[in-house]
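Novice: sequence and predicted structure, then a few things I'm wondering about:
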Amino acid sequence: FRSDRVVSGVRLRAAWDRDAGIRFLRAATHRYPRLLGMLRGEAADVYYSRGAGYHTPFVVRAAKDVGATSVLALASDKDLYAASGKVLFGVPSARLSAVIGPLAHAGFRRWGLRAADWVTVQNEEQAAACATLGLPHAVLPNIVEPPTDELLATTPVRDVIWAGNVLEGRRSKGLGELV
């Protein structure tokens with residue numbers, strides 16, 4: 001979406017105009033500064049971010065700047081390791097991604113993972129990995145329990161399709177459809 005609006009009583013704010021600024025320089029000259037300024041302006045008590053995202057260090061920085069708590073939730077085990085760097089900026093070239101990915105993850109690790117007040121994890125394996133890395137963490141299990149052995153032993157009678165994204169365009173997460 002391009003402008004602020006309220007959907008079902010929830011205020012949604014557009015952090016930036018995606019076409020503003022000079023192409024290839026937009027992130028550094030427009031998007032990141034606008035995002036950081038908007039987050040600081042909210043002066044929330046807690047700032048929450050999920051997964052290895054280019055925006056995460058800005059969320060954590062804004063929390064620090066206003067004296068709030070920052071919580072970073074792992075979206076995947078990969079978020080802890082350089083392998084997730086390739087998704088931070090969606091670089092289409094495999095060669096370029098091999099160089100930029102680890103650099104991007106190093107930035108995420110330093111200014112996101114290590115700077116966050118708390119890292120929330122979904123299971124004990126992720127908690128152990130955080131402990132090994134010296135990250136303050138808390139386990140918040142998934143809301144979906146694993147199936148029982150009895151259920152796993154049954155023969156399926158239906159197919160289930162799960163879609164991770166609702167696409168409006170190439171990079172959209174379909175926030176409007178989700179709401």
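Specialist: Sure, I can see it. Numbers count the residues shown, from 1 in each chain.

Novice: in the chain, where is pLDDT below threshold?
Specialist: 1, 84-91, 158-179 (pLDDT under 70).

Novice: how about the helices in the chain?
Specialist: Secondary structure of the chain (DSSP state H): helices located at 26, 32-42, 56-65, 85-88, 94-108, 124-133, 149-152, 175-178.

Novice: want to throw the ones you listed into CSV with distance to Val139 and mean neighbour count?
Specialist: Quick note: C-beta positions are derived from backbone N, CA and C, even for glycine. Putting the helices of the chain into CSV (distance: least, Cβ to Cβ, whole Å; neighbours: other Cβ atoms under 10 Å) gives the following:
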stretch, distance to Val139, mean neighbour count
helix 26, 38, 16
helix 32-42, 26, 16
helix 56-65, 20, 21
helix 85-88, 24, 21
helix 94-108, 21, 15
helix 124-133, 5, 14
helix 149-152, 23, 8
helix 175-178, 26, 11
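
Novice: any idea which of these gets closest to Arg114?
Specialist: helix 124-133 (8.5 Å; Cβ to Cβ).

Novice: and the closest one, how far from the chain's centre?
Specialist: 19 Å (Cα atoms, centre = their mean, to the nearest Å).

Novice: JSON lines for the helices of the chain, including distance to Ser49?
Specialist: Shown next, in JSON lines, are the helices of the chain (distance: least, Cβ to Cβ, whole Å):
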{"stretch": "helix 26", "distance to Ser49": "20"}
{"stretch": "helix 32-42", "distance to Ser49": "10"}
{"stretch": "helix 56-65", "distance to Ser49": "4"}
{"stretch": "helix 85-88", "distance to Ser49": "13"}
{"stretch": "helix 94-108", "distance to Ser49": "10"}
{"stretch": "helix 124-133", "distance to Ser49": "16"}
{"stretch": "helix 149-152", "distance to Ser49": "34"}
{"stretch": "helix 175-178", "distance to Ser49": "16"}
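
Novice: list the contacts of Cys130.
Specialist: Going by Cβ atoms under 8 Å, 6 or more residues apart in numbering, Cys130 touches Leu80, Val119, Val121, Pro136, His137.
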